[in-house]
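**Student:** Give me a model of this one.
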Amino acid sequence: MKWDLPERTEDAIVAYLQAQCSGDMRISAAWERDEAQYPQVLVHAGTTEPVSEDAAQHDPRMLAVAVAVMTEAAHELDGNNAIMVSARERNAAARSQVMNALFASDLLTHLIAQNIADVAFSMAQFDSTARTTEGQVLVTTITGAVIAEPVEGS
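**Tutor:** Okay, here's the model as predicted:
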């Protein structure tokens, strides 16, 4: 059995977001890119734990997932240096696209449809957001949980 449920979960979410989000957003799993390019979306499946106390190793696991939507805190200017789109507007637009996808009532169906090998999903739900800044980058972190299990023979 492989212990790569976090990576496979990230792959499913990345594939889904790439299909749902338009524009120039760079969407990837955590640790997949060396340099930041904005707007950027990073998907990270962190803590995993068994769904039940008496679970066997191959049983479903709950994965905590964080999706960070990041944009530069810089306005989009025209040729005369007039603000065409503010940094806040760009951040809100990027965040809205990702949140619309992640808060969809049929998110689980969409993750299953990504056909990621050797994993089965039985629950996916995002439920909270936090806005912060990191230097000159506006960051919204969307958190949730996914239940996944390795497919027999993986």
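
**Student:** C-terminal to the strand or helix carrying Phe126, what's the next element?
**Tutor:** Under the criterion of DSSP states H and E, Phe126 resides in strand 119-134. Next helix or strand after strand 119-134 toward the C-terminus (DSSP H and E): strand 137-150.

**Student:** tell me the angle that following strand makes with strand 119-134.
**Tutor:** Strand 137-150 and strand 119-134 are oriented at 160 degrees to each other (axes from the mean of the first three to the mean of the last three Cα atoms, to 10 degrees).

**Student:** show me what contacts the residue nearest to Arg33 when sequence neighbours are not counted?
**Tutor:** Nearest non-adjacent residue to Arg33, counting by Cβ to Cβ, 6 or more residues apart in numbering: Arg26, 7.3 Å away. Where you see a C-beta, it was placed from the backbone N, CA and C, and this is true even at glycine. Shown in contact with Arg26 (Cβ atoms under 8 Å, 6 or more residues apart in numbering): 33, 37-41.

**Student:** Count the residues that sit near the residue nearest to Val85 when sequence neighbours are not counted.
**Tutor:** The shortest distance from Val85 to any non-neighbouring residue, by Cβ to Cβ, 6+ apart, is to Glu76 (4.1 Å). By other Cβ atoms under 10 Å, 12 other residues sit near Glu76.

**Student:** Against Met123, how distant is Glu76?
**Tutor:** Distance, Glu76 to Met123, by Cβ to Cβ, to the nearest Å: 39 Å.

**Student:** Give me the neighbour count for the residue lying closest to Phe103 once chain neighbours are set aside.
**Tutor:** Nearest residue to Phe103, sequence neighbours excluded (Cβ to Cβ, 6+ apart): Phe126, at 5.9 Å. Other residues near Phe126 come to 21 when the count uses other Cβ under 10 Å.
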